[in-house]
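Peer 1: Pasting a predicted model and its sequence here:
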Amino acid sequence: MKKDIHPDYKPTVIRCACGNTIETGSVMQDISVEICSNCHPFFTGKQKLVDSAGRIERFRRKYAKFQAPEKK
(Lines give C-alpha, C1' and ligand atoms only; values in the text may rest on other atoms or scores of the structure.)
Protein backbone atom coordinates (compact mmCIF):
# COMPACT_ATOMS: atom_id res chain seq x y z
CA MET A 1 0.00 0.00 0.00
CA LYS A 2 1.12 3.53 -0.67
CA LYS A 3 1.78 5.67 2.36
CA ASP A 4 -0.20 8.82 3.27
CA ILE A 5 -3.07 8.30 0.78
CA HIS A 6 -5.48 6.31 2.94
CA PRO A 7 -7.83 7.95 5.48
CA ASP A 8 -7.35 7.24 9.18
CA TYR A 9 -9.46 4.29 10.29
CA LYS A 10 -10.36 4.75 13.95
CA PRO A 11 -12.84 3.41 16.52
CA THR A 12 -16.12 5.32 16.50
CA VAL A 13 -19.59 5.21 18.05
CA ILE A 14 -22.84 5.21 16.05
CA ARG A 15 -25.71 6.81 18.02
CA CYS A 16 -29.35 6.30 17.07
CA ALA A 17 -32.23 8.64 17.89
CA CYS A 18 -33.75 5.82 20.01
CA GLY A 19 -30.69 5.87 22.30
CA ASN A 20 -28.98 2.73 20.99
CA THR A 21 -25.19 2.92 20.53
CA ILE A 22 -23.00 0.72 18.34
CA GLU A 23 -19.22 0.68 18.63
CA THR A 24 -17.43 0.08 15.34
CA GLY A 25 -14.59 1.39 13.21
CA SER A 26 -14.87 4.09 10.58
CA VAL A 27 -13.03 6.96 8.92
CA MET A 28 -15.68 9.32 10.34
CA GLN A 29 -15.75 10.42 13.98
CA ASP A 30 -19.08 10.13 15.85
CA ILE A 31 -22.01 9.15 13.61
CA SER A 32 -25.70 9.94 14.29
CA VAL A 33 -28.57 8.06 12.62
CA GLU A 34 -32.36 8.32 12.83
CA ILE A 35 -33.17 4.59 12.64
CA CYS A 36 -31.09 1.54 13.58
CA SER A 37 -31.72 -2.22 13.70
CA ASN A 38 -32.90 -1.82 17.30
CA CYS A 39 -35.87 0.39 16.37
CA HIS A 40 -36.51 -0.32 12.65
CA PRO A 41 -39.96 -1.89 12.00
CA PHE A 42 -38.46 -4.67 9.85
CA PHE A 43 -36.39 -5.96 12.77
CA THR A 44 -38.83 -5.20 15.61
CA GLY A 45 -42.02 -6.39 13.93
CA LYS A 46 -43.85 -3.27 15.12
CA GLN A 47 -45.33 -0.76 12.69
CA LYS A 48 -43.93 2.70 13.24
CA LEU A 49 -44.69 5.68 11.03
CA VAL A 50 -41.57 7.71 10.38
CA ASP A 51 -42.50 10.92 8.62
CA SER A 52 -39.65 13.36 8.55
CA ALA A 53 -40.62 16.88 7.50
CA GLY A 54 -44.16 15.91 6.38
CA ARG A 55 -43.01 14.07 3.26
CA ILE A 56 -45.99 11.72 3.18
CA GLU A 57 -48.50 14.56 3.30
CA ARG A 58 -46.56 16.49 0.65
CA PHE A 59 -46.59 13.39 -1.58
CA ARG A 60 -50.35 12.96 -1.14
CA ARG A 61 -51.04 16.60 -2.00
CA LYS A 62 -48.79 16.41 -5.08
CA TYR A 63 -50.45 13.30 -6.52
CA ALA A 64 -54.03 13.86 -5.34
CA LYS A 65 -55.15 14.96 -8.80
CA PHE A 66 -53.98 11.64 -10.31
CA GLN A 67 -56.09 9.46 -7.99
CA ALA A 68 -58.98 7.58 -9.54
CA PRO A 69 -62.41 8.84 -8.48
CA GLU A 70 -64.14 6.76 -5.82
CA LYS A 71 -66.67 4.22 -7.07
CA LYS A 72 -70.23 4.30 -5.76
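Peer 2: Looks like it arrived, so ask away.

Peer 1: all contacts plus neighbour counts: C-alpha atoms, from now on.
Peer 2: OK.

Peer 1: What separates the first and last residues of stretch 43-63, distance-wise?
Peer 2: Length of stretch 43-63, first residue to last, Cα to Cα, to the nearest Å: 31 Å.

Peer 1: typed the wrong thing, it's stretch 25-42
Peer 2: Stretch 25-42: ends 25 Å apart by Cα to Cα.

Peer 1: what's the offset of it from the middle of its chain?
Peer 2: How far stretch 25-42 lies from its chain's middle: 8 Å, per Cα atoms, centre = their mean, to the nearest Å.

Peer 1: Now it: buried residues?
Peer 2: Burial within stretch 25-42, assessed by neighbour count using 16 or more other Cα atoms under 10 Å, is assigned to Ser26, Cys36, Cys39, His40.

Peer 1: Take the residues you listed and lay them out in TSV including distance to Pro7.
Peer 2: Formatted as TSV, the entries for those read as follows, by distance: Cα to Cα, whole Å:
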residue	distance to Pro7
Ser26	10
Cys36	25
Cys39	31
His40	31
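
Peer 1: Closest one of these to Phe59?
Peer 2: His40 (22.2 Å; Cα to Cα).

Peer 1: What score does the closest one have for pLDDT?
Peer 2: The confidence metric pLDDT takes the value 77 at His40.
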